[in-house]
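[1] with the sequence up front, the predicted model follows.
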Amino acid sequence: MVQLLLSGCNGRMGHAVEAICAAEPELELTAGFDLLGADIRDFPVYASPAEFQGEADVVVDFSSPSALPALLSFGLEHRMPLVLATTGYDQGQLEEIQQAARSIPIFRSANLSLGVNILVELVRRTAAVLGGSCDIEIVERHHNKKMDAPSGTALMLAEAAADALPCQPELVCGRQGIRRSRERCEIGISSVRGGGIVGGHEVLFAGRDELIELRHSALSREVFASGAVQAARFLAAGQSPGLYSMADLVTYLGL
C-alpha cells in the first residue's frame, strides 16, 4: 500500500489523480492540500501541508509555484519524498529544489507523459543529425486556463534540441516586434491558448527542401495523472535523496 498526499487536490489534475487512486486498491489517498482550503471530498483537505499530522509515503503536487516553499519545508521536516508536477518555477525556485534534493528524494518533470518523454528523445536525436541544417520551431497548445507560457514541456523540448546543436541557440518566444530575418542558431517557440485543449506539442525541423514534424497530443489529463502516480510509486519504493526525472522512471519501469 502506498499512501499519497495530494497537493492541489481541488484542481483538474488533482481530481484525475484522485480517480486513479480510487480505482487502484494498492493506493490510498490519505489527505489533500489546497491553497483554497477545504472541499467536500472523501479525504481531509488542508490549506497548508503544515496542518497535516498523520503518516504518508509521498506527496504528489499539481498546484502552483507559490505552493513550493511550504511543500519543501514539509518534505524536509518529515523526510518525505515529493513528486513535483507543477510548471512555471523561476530560477530561484529551481535552485531551492536542487538544494532540498540533497536531503530527500524529489521527482520533478515538466511533463509526466511517457509519450512526451519519448518525443524528447526523438527531438534530441533529430537535432543531432539535422540541427545544423534546419530551422527548429516549437508550437505548444494548451487550454485557456493555463497560466505559464511557454509551457514547461516546450522548454524541455527546446533544451533537448539545444543540447545536440553545434551552437548555443537563442530561444525566441513569439516574434511580435522582431523585424529581422530568422537567425540560424535560434529555436522559436509559439504558444496557443484556447478552449479545453489538454496539451499538444509539435517540433518542426524546417530545411531548404524538406520539413520534418514530430508531434505529441494528450487526449486526456489522465496520461499526466498516471505518470505522477507511477513516479510516486517509484519514490515510495525507497529511493535515496536526489533529484529524479522521467528518464529515471523509464529506466525503473524497464521501458
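    Arrived safely, thanks for sending. Residues are numbered from 1 along each chain as shown.
[2] which residues of the protein fall in helices?
    Applying DSSP state H to the chain gives helices spanning 12-23, 68-78, 91-100, 114-130, 152-164, 222-236, 246-253.
[3] now those in a markdown table, with mean pLDDT and mean neighbour count?
    C-beta: built from backbone N, CA, C; applies to glycine. Listed next are the helices of the chain as a markdown table, based on pLDDT from 0 to 100; neighbours: other C-beta atoms under 10 Å:
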| stretch | mean pLDDT | mean neighbour count |
| --- | --- | --- |
| helix 12-23 | 93 | 18 |
| helix 68-78 | 97 | 18 |
| helix 91-100 | 97 | 13 |
| helix 114-130 | 92 | 18 |
| helix 152-164 | 93 | 21 |
| helix 222-236 | 94 | 22 |
| helix 246-253 | 87 | 16 |
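[4] how about those, which one is nearest residue 195?
    Closest to residue 195 of the helices of the chain is helix 12-23 (C-beta to C-beta; 13.8 Å).
[5] what's that closest one packed up against?
    strand 2-7, strand 27-33, helix 222-236 (3 or more C-beta pairs under 8 Å, 6 or more residues apart in numbering; DSSP states H and E).
[6] mind doing that once more with 6 Å?
    strand 27-33, helix 222-236 (3 or more C-beta pairs under 6 Å, 6 or more residues apart in numbering; DSSP states H and E).
[7] what's in contact with that helix?
    6, 8, 27, 29, 62, 221-222, 225, 229 (C-beta atoms under 6 Å, 6 or more residues apart in numbering).
[8] looking at the helices of the chain, which is nearest to residue 35?
    For residue 35, the closest of the helices of the chain is helix 68-78, at 9.0 Å, according to C-beta to C-beta.
[9] report the angle between that closest one and strand 2-7.
    Here helix 68-78 runs at an angle of 150 degrees relative to strand 2-7 (axes from the mean of the first three to the mean of the last three C-alpha atoms, to 10 degrees).
[10] and helix 68-78, what does it pack onto?
    Secondary elements touching helix 68-78 (3+ C-beta pairs under 6 Å, 6+ apart): helix 91-100.
[11] the helix it packs on - contacts with which helices or strands?
    helix 68-78.
[12] next one: the helix it packs on to chain centre, how far?
    19 Å (C-alpha atoms, centre = their mean, to the nearest Å).
[13] stretch 3-10 too?
    Taking mean C-alpha positions (C-alpha atoms, centre = their mean), stretch 3-10 and its chain are 16 Å apart.
[14] what's it in contact with?
    Contacts for stretch 3-10 (C-beta under 6 Å, 6+ apart): 14, 17, 28-34, 36, 39, 56-57, 59-63, 232.
[15] PyMOL command for the buried members of those?
    Buried residues among the contacts of stretch 3-10 (16 or more other C-beta atoms under 10 Å), as a PyMOL selection:
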select buried, resi 14+17+29+30+31+32+33+34+56+57+59+60+61+62+63+232
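[16] related to what we said a few turns ago, out of the helices and strands packed on helix 12-23, the one nearest residue 207 is which?
    Nearest to residue 207, of these and by C-beta to C-beta, is helix 222-236 at 31.4 Å.
[17] could you list every helix and strand that the closest one packs against?
    Short answer (3+ C-beta pairs under 6 Å, 6+ apart): helix 222-236 packs on strand 2-7, helix 12-23, strand 58-61, strand 82-84, strand 105-108, helix 246-253.
[18] could you list the buried residues of the shortest one?
    What it means is strand 82-84. 82-84.
[19] who does that strand pair up with?
    strand 58-61 (parallel), strand 105-108 (parallel) (DSSP bridges).
[20] thinking again about what came up before, how about JSON lines for the helices and strands packed on helix 12-23, with distance to residue 103 added?
    Shown next, in JSON lines, are those (distance: least, C-beta to C-beta, whole Å):
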{"stretch": "strand 27-33", "distance to residue 103": "20"}
{"stretch": "helix 222-236", "distance to residue 103": "14"}
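[21] since that was my last question, I'll sign off now.
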